[in-house]
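Q: turn this into a structure:
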Amino acid sequence: MCMMEVHARQRRDTMAQAMAHNTKTVISDLEMLIKLLEARKDTEDVPEFEHAMDHLRHAYAGLLGLFGEAVARLEEDPEGHVHHGEHPHNEGTERSFVEEIDRAARTARVYETR
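A: Residues are numbered from 1 along each chain as shown. The predicted model follows:
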């Protein structure tokens with residue numbers, strides 16, 4: 001299991017990405033657990049695990065949306081216009097939406113733990 005830590009010094013987009021990533025990790029672990037239990041023919045608790053996984057998938061979608069909104073906020077000017085290739089908060093540097101997501105992913109790697 002690979003988890004990303006969250007620290008108060010992180011930006012909002014990095015924290016939202018970490019929460020989405022960690023939730024997805026738990027979903028993946030549940031998928032593996034269910035397959036293992038089915039292979040062992042030990043399926044008594046599988047419905048409960050599947051139910052929990054459904055809730056986590058819903059939470060993951062919400063967290064991923066929050067990550068997208070946080071990154072989008074970095075890309076819009078005070079009037080709410082998104083400028084592709086421009087980043088008004090970066091003091092003259094230009095970065096696209098995709099580049100900003102890539103930056104967030106690279107920055108977040110230092111907070112991954114095992």
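
Q: check this protein for its longest helix and report it.
A: helix 46-75 (DSSP state H).

Q: give the other helices and strands that it contacts.
A: Applying 3 or more Cβ pairs under 8 Å, 6 or more residues apart in numbering; DSSP states H and E, we find helix 46-75 packed against helix 12-39, helix 97-109. No exception for glycine: its C-beta is placed from N, CA and C like everyone else's.

Q: how far does it sit from the chain's center?
A: How far helix 46-75 lies from its chain's middle: 8 Å, per Cα atoms, centre = their mean, to the nearest Å.

Q: ok and it relative to helix 12-39, angle-wise?
A: 160 degrees (axes from the mean of the first three to the mean of the last three Cα atoms, to 10 degrees).

Q: next, the buried residues of helix 46-75.
A: 53, 56, 60, 63-64, 66-68, 70-71, 74-75 (16 or more other Cβ atoms under 10 Å).

Q: low-scoring stretches of this structure, by residue?
A: Scanning the chain for pLDDT under 70 picks out the ranges 1, 77-98, 100-101, 104-105, 108-114.
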